[in-house]
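Novice: what follows is a predicted structure for the sequence shown.
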Amino acid sequence: MADGKHGDVPLLISDVRQDRPHDLSELTSVRQGSCSGFVMDGRIADSPTVASKVNATVNSQRHRLSVIVFAVCALLLAFAASRWSELLSAEFRMLRGSFNVVLLIYLFLLNIRGWRAGNISYIKMFELDNDWTVWNSVSGVSMHTGFLWSFGCSVTLLLCALNRTTAVSYVPVMLWVALFTYFVWPFKSYFFESRMWMINVLYRILVSPIHEVSFADFWVADQLNSLASVFVDFEFSMCFLVGLGSYSVADLKEMPVCRIATWNSQLILAALPAWWRFAQCLRCYYDTKEIPHLLNAGKYFSTFPTIVAAGMLATAQLNRPHAWQTGPEFHIWLYTTVFRAVYVYVWDVRMDWGFFKCNSFPCSPVRSKHPFLRTHLLFSPHWVYYGMILLDLVLRFSFLVKLCPVIFGMVPGDVFFSILLTMEVVRRFLWNFFRLEYEQTKSMPEDAPTKSRQFSAGNTPTLPHEM
């Protein structure tokens with residue numbers, strides 16, 4: 001927006017100065033080929049009209065209501081699944097995938113608030129129009145999908161309470177169909193331009209490595225890596241829907257028709273997001289000849305042995321129930337998973353966030369005031385960075401909780417696994433803040449000093465719906 005005001009977020013922001021103040025809210029990023037970062041330039045964002053302000057205020061109230069309804073339905077579903085685990089096992093698995101998709105859209109709104117507060121030029125990084133349009137689009141899409149998921153969840157719980165075992169299994173599947181129809185709706189309504197932007201990005205991801213890789217391409221592909229389990233749950237939902245033509249609901253829940261018999265397709269779908277990023281990294285190396293892109297490709301390649309090992313372990317458990325923690329398949333899974341977790345964690349903090357690099361130590365003429373961090377930090381208080389480094393470590397190794405039988409036995413397996421999947425979505429949401437911040441700071445002069453300031457009543461940024 002023209003006045004450079006952004007989200008009402010209780011954060012301290014670093015105002016980077018050199019000879020004069022750098023208003024990063026007025027910056028743009030010009031794409032330099034593929035995989036090569038951004039050069040910042042000036043821009044003036046469009047201001048909303050009065051009518052748009054009124055509509056945004058109304059939509060904001062509806063959006064808050066959708067958040068409340070979405071959270072309540074999610075809690076009720078988790079409670080029902082833990083109490084009636086046998087009755088809702090299949091439906092819970094079909095609903096959790098769509099839940100994580102909608103949750104990530106909601107969290108993206110918080111990412112926008114944080115980026116705006118930090119004066120991070122995410123608009124031009126993603127090659128979008130202006131932040132006013134982006135905020136309204138993401139807010140509207142999250143509101144629509146949130147209400148849609150809440151409605152499907154409510155109907156599922158109601159039918160379950162009425163003991164309509166046959167009808168209840170159709171609802172989560174039809175919810176997937178409704179969400180897919182919403183995103184590909186061909187008419188110019190329901191934020192058509194924003195949905196088409198996402199579809200175009202997804203198309204470029206699907207055909208990787210044919211096209212050059214933009215920042216938006218690999219960023220969205222990274223989001224898909226945190227939603228890899230959603231692909232498996234979607235396949236399970238479609239298998240369940242097709243199976244209803246040949247089996248009863250009771251048979252599908254008792255027999256491993258969709259849980260085990262389609263392991264090959266499930267493993268392929270789980271590996272797809274990693275393959276897309278792997279192919280993008282190879283394309284980046286082809287375009288730039290920079291070795292870090294090959295190392296990044298190796299990070300995503302490490303996902304494939306982990307997925308294969310998980311499939312071997314699940315298959316072994318069918319014949320040998322005690323294969324978990326005792327058989328050779330378990331040890332293969334554990335070693336490959338730990339190796340991957342170490343690889344991706346080191347890459348997170350060093351390459352994606354820019355921490356623990358040479359300029360944090362005496363080897364650089366510009367020494368960071370904060371050990372192990374970057375020279376330029378746009379968010380404050382700075383202890384948040386150290387907290388995020390530790391939190392990312394915990395979330396990356398959260399799978400180790402499966403090895404503790406006491407904790408693992410406290411809740412049903414599907415509910416416990418769903419909690420881990422949701423934790424990964426939250427980790428990606430936190431990762432987004434520092435990834436874009438680092439992308440912006442890479443264009444700043446190393447010797448530019450920083451000065452922290454805190455929002456007060458006089459300089460609190462304003463989001464569109466608050467105008």
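Specialist: Happy to help now that I have it. Residues are numbered from 1 along each chain as shown.

Novice: give the contact list for I205.
Specialist: Going by CB atoms under 8 Å, 6 or more residues apart in numbering, I205 touches 217, 220-221, 224, 276, 280. All C-beta spots, glycine's among them, are computed from the backbone N, C-alpha and C.

Novice: scan these and report the most crowded one.
Specialist: Neighbours here mean other CB atoms under 10 Å. Within those, the largest count is held by Q280, at 28 neighbours.

Novice: can you say which helix or strand has that residue in it?
Specialist: Under the criterion of DSSP states H and E, Q280 resides in helix 263-288.

Novice: beyond that helix, next helix or strand please.
Specialist: helix 291-301.

Novice: who does the helix or strand that comes right after that next one touch, helix- and strand-wise?
Specialist: Per DSSP H and E, the first helix or strand lying C-terminal to helix 291-301 is helix 303-319. Using 3 or more CB pairs under 8 Å, 6 or more residues apart in numbering; DSSP states H and E, the elements in contact with helix 303-319 are helix 263-288, helix 328-347.

Novice: give me the distance from the helix or strand following the shortest one to the chain's centre.
Specialist: Read that as helix 328-347. Downstream of helix 328-347, the next assigned helix or strand under DSSP H and E is strand 379-380. Offset of strand 379-380 from its chain centre (CA atoms, centre = their mean, to the nearest Å): 22 Å.

Novice: strand partners of strand 379-380, parallel vs antiparallel please.
Specialist: Its sheet considered, strand 379-380 pairs with strand 12-16 (antiparallel) by DSSP bridges.

Novice: what helix or strand is Q440 on?
Specialist: Taking DSSP H and E as the definition, Q440 sits inside helix 413-441.

Novice: buried residues, that helix. List them.
Specialist: The neighbour-count check on helix 413-441 (16 or more other CB atoms under 10 Å) flags 414-418, 421-422, 424-441 as buried.

Novice: helices or strands up against it?
Specialist: By 3+ CB pairs under 8 Å, 6+ apart, helix 413-441 packs against strand 38-42, helix 50-83, helix 85-117, helix 122-125, helix 215-226, helix 383-396.

Novice: buried residues, the helix holding Q280. List them.
Specialist: For helix 263-288, the neighbour count (16+ other CB under 10 Å) marks 263, 266-267, 269-271, 273-285, 287 as buried.

Novice: mind checking the SS state of Y190?
Specialist: On the three-state scheme (DSSP: H, G, I helix; E, B strand; the rest coil), Y190 is labelled coil.

Novice: thought it was touching H144?
Specialist: Yes. Using CB atoms under 8 Å, Y190 is in contact with H144, at 6.7 Å.

Novice: which of those two has more neighbours?
Specialist: Shown here are Y190 and H144; by other CB under 10 Å, H144 has more neighbours (19 against 14).
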